[in-house]
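Colleague: When you get a sec, could you give me coordinates for this:
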Amino acid sequence: MVDPAQVRAAVWAVGEWLRDAEMGAPGRAEIAAAVRGTARALAADAPGHSVEVRVPPFVAVQCIEGPRHTRGTPPNVVETDPRTWLLLATGLLEFDEAVESGALSVSGMRAAEIAGWLPIVPLSGKSDPPSE
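Modeller: Okay, the predicted model is just below:
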C-alpha cells in the first residue's frame, strides 16, 4: 500500500536537488525513497501489467490496464535514471521533452500512456512545501 503523505515527504526531501542540478545530490536512501514511492504510486493509480516502468537501481513496476506480460522483456517499457524519473513524477520535466532529449527510453506502442498519469506529486519551481 502506498501512503500519499510518505510519498510527498520523500519527494519534498529531494525537491531542492530536483529544482537545481548544481546542488549536491541527496543521499542514496532519500533518492531511493522518492523513486520507489512515486513509482509505486503510479502503479497504484494506474493498475495493470501492460507497461513496465524501470528506474534502476531502485525499482521496476508494472502499470496500465491491458494484457499481462509474463516472460522475457515486456513489450512496453519505460526506463530512465532516478533524477529524470523524479523530474517527470513531479512535473518539473515534460514526458515528450525527456524522450526527445534521450533521458527517457520508451519502447512499445503503449509505453507513452504513462504520460497521462504524470505528474504523480506535483512540485512547483518554488521551494514552498507541498500543501496537505
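Colleague: Pretty sure N76 sits against R54.
Modeller: No - N76 is beyond contact range of R54, at 11.3 Å (criterion: Cβ atoms under 8 Å). The way it works is simple: take the backbone N, C-alpha and C, and place the C-beta from them, glycine included.
Colleague: So between those two, which is more surrounded?
Modeller: A direct count of neighbours by other Cβ atoms under 10 Å for N76 and R54 places N76 higher, at 24 against 17.
Colleague: How many neighbouring residues does the nearest residue to that one once chain neighbours are set aside have?
Modeller: Leaving aside its chain neighbours, N76 sits nearest to G108 (3.2 Å; criterion: Cβ to Cβ, 6 or more residues apart in numbering). Using other Cβ under 10 Å, G108 is surrounded by 17 other residues.
Colleague: Tell me the confidence at G108?
Modeller: What the model reports for G108 is a pLDDT of 93.
Colleague: got the contact list for it?
Modeller: Shown in contact with G108 (Cβ atoms under 8 Å, 6 or more residues apart in numbering): V51, P74, P75, N76, V77.
Colleague: and the gap between it and E65?
Modeller: Noted for G108: a distance of 15 Å to E65, by Cβ to Cβ, to the nearest Å.
Colleague: Okay, and the residue lying closest to A33 once chain neighbours are set aside sits in which element?
Modeller: Excluding its sequence neighbours, the residue lying closest to A33 (Cβ to Cβ, 6+ apart) is A10, at 4.1 Å. Assigned by DSSP states H and E, A10 belongs to helix 4-19.
Colleague: Also G66?
Modeller: With DSSP H and E as the test, G66 turns up in no helix or strand.
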